[in-house]
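K.L.:
Sequence and predicted structure, then a few things I'm wondering about:
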Amino acid sequence: MTVFPRPKSENMDISKFVQPWKLDQREVYVLKNANLVNSVDGTISQGTTIALSGGKILFVEPSGSPKEKQLTVSPSKVINLDGKYVCPGLIDCHVHIAVTPGEATLSSYANMTETKSLIRQPSVLKAMLERGFTTVRDCGGASLAMKEAVEEGIHPGPRLFISGKALSQTGGHGDMRGRHDTMPCCGGDVSGISRIVDGVPECLRVARDELRQGADFIKIMGGGGAASPTDRIDQLQFSDEEIRAIVTAATNAKTYVSSHCYTTEAVRQAIDQGVRAIEHGNMIDLATAKLMVEKGVFLTPTLVTHFVSKELHFLSTEGEAKVTEVLERGLATLKMATEVGVKVCFGTDLLGPTHYAQTKEFAIRSQVQTPLQVLQSATINAAKLLNKEDALGQVKEGFLADLLILAKNPLEDITIFDTSDETILAVFKDGRVMKSNMSELK
């Protein structure tokens, strides 16, 4: 008879077996002699020391300060950044990580299972993080399971804020069935990013269900879109009563609703029913932009997706025609919204093989915004939309230690982020080195 030795368990740390992927304790880092980019006022503080501890920014002081001298830290964790720049980690406020690369056209995704998508998502997240995006806001498709996997360190990726599945009416922007498809789907999923809901009771129930499943906010399809096969760009979607019901569910849960819409009519309907954030908004007029300022409503334009989807012929012929329509207005609307003071956030809305173009949004926006305005859209404005303005968007004492080490000054040329392999020397998220091209920082 074989006798197995009994393990000595009296001093055993079982936690490492419960979560074998658990991340090691964070190191203390001292980044000295840096040129610090202030995302609030656009100034550069030369000769700055930034100390990181426990995932947060311990202090920001002039190099050689008493605080720096009093800090005990391993010499290998003291990094001289003379001639280099430090800015906050970037935030993309409109992504869809569930629509992963793997197919050449949107129509090919009809047979994409959620399991296959989930397996591919870590590669999408890792690439986003290496481009400098330490936080992303997913507007349809990301699951709580993937959000938790990133938080626990199973997969490297940006911090996730998720809407769960976006809510769409039958025949709306989230209904990907063609006109000859008669399969009923009310109350269920019809794509990897959306659920179909009709009527006030169903809107309430499904909004509450998304919140139950871990949604940080609720996303609705409040108007027509380019990718959906049976709706017009200028179409209103959902009744006032349905939108109010969804807003009520979100407000009761101490969160908010964001609406996909392009036109003045759709945006005004959303604002009138209590929606807090607008996705896209390419075709709004000046009066509506001013109303957004008055009501404190956020705007997240997503211009790059229209350019690259058309360039790669990712959409159908009908979809490309709709993209052309919204493309013509996008830059002019961004310029107008910026000038009147709308809180503009950075977003990309890229799908499938187009994810690679995430940083090209910087160059597009730079045609009508200053480098500081573009940077603010991806830092302090985005943090406010996420209700995390006290933790994200700035390199500041007490904030989360999400920051980038750069070879060049982004306030001189914001398009440097589009050459991230050369320009982004290192990425810190939660005080950990997630990417480094610096031999002294690994």
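P.N.:
Alright, I've got the coordinates. Quantities reported herein were computed from a predicted structural model and do not represent experimental measurements. Numbering: from 1, shown residues only.
K.L.:
CA atoms for contacts and neighbours, from now on please.
P.N.:
Noted.
K.L.:
Can you verify my assumption that L406 contacts T423?
P.N.:
Yes: using Cα atoms under 8 Å, L406 is in contact with T423, at 5.5 Å.
K.L.:
roughly how far out does the lengthiest helix in the chain sit from the chain middle?
P.N.:
The longest helix of the chain (DSSP state H) is helix 317-340. Remark: helix 317-340 is offset 21 Å from the chain centroid, using Cα atoms, centre = their mean, to the nearest Å.
K.L.:
and the nearest residue in space to D413 that is not next to it in sequence, how far is that from S377?
P.N.:
Using Cα to Cα, 6 or more residues apart in numbering and skipping the chain neighbours, the partner closest in space to D413 is P371 (6.4 Å). Separation of P371 from S377 (Cα to Cα, to the nearest Å) stands at 10 Å.
K.L.:
neighbour count winner among the two?
P.N.:
Taking other Cα atoms under 10 Å, P371 and S377 do not tie; S377 has more neighbours (24 against 20).
K.L.:
who are the neighbours in contact with the more buried one?
P.N.:
Contact analysis of S377 by Cα atoms under 8 Å, 6 or more residues apart in numbering lists K343, V344, C345, F346.
K.L.:
Next up, phi/psi of the nearest residue to the third one once chain neighbours are set aside, please.
P.N.:
The one in question is C345. Nearest residue to C345, sequence neighbours excluded (Cα to Cα, 6+ apart): S377, at 4.2 Å. The phi and psi values for S377, taken as degrees, to the nearest 10, are phi -60, psi -30.
K.L.:
same check, this time on G54
P.N.:
phi 60, psi 30.
K.L.:
Around it, how many other residues sit close by?
P.N.:
With other Cα under 10 Å as criterion, G54 counts 16.
K.L.:
Might one say that it is in contact with E27?
P.N.:
Yes: if you go by Cα under 8 Å, G54 and E27 touch, sitting 7.4 Å apart.
K.L.:
just to revisit the earlier point, most neighbours among the contacts of S377, which one is it?
P.N.:
Tallying neighbours with other Cα under 10 Å puts C345 at the head of the contacts of S377, with 29 neighbours.
K.L.:
ok, that residue to V293 distance?
P.N.:
13 Å.
K.L.:
mind showing which ranges of this protein have poor pLDDT?
P.N.:
Regions of the chain meeting the criterion pLDDT under 70 cover residues 1, 3-4, 6-12, 172, 174, 176-191, 226-230, 316-319, 322.
K.L.:
Break it down into its structural domains.
P.N.:
15-89+394-436, 90-385 (automatic domain parsing).
K.L.:
Which stretch among those domains is buried most, on average?
P.N.:
Comparing the domains of the chain by mean neighbour count (mean count of other Cα atoms under 10 Å), domain 90-385 ranks first with a mean of 21.
K.L.:
what about the spatially most central residue of the chain, which helix or strand?
P.N.:
Nearest residue to the geometric centre of the chain (Cα atoms, centre = their mean): V136, 2.3 Å. Under the criterion of DSSP states H and E, V136 resides in strand 133-138.
K.L.:
what pairs with that strand, and is each one parallel or antiparallel?
P.N.:
Paired with strand 133-138 in the same sheet, following DSSP bridges, are strand 90-95 (parallel), strand 159-162 (parallel).
K.L.:
I appreciate the help and will end here.
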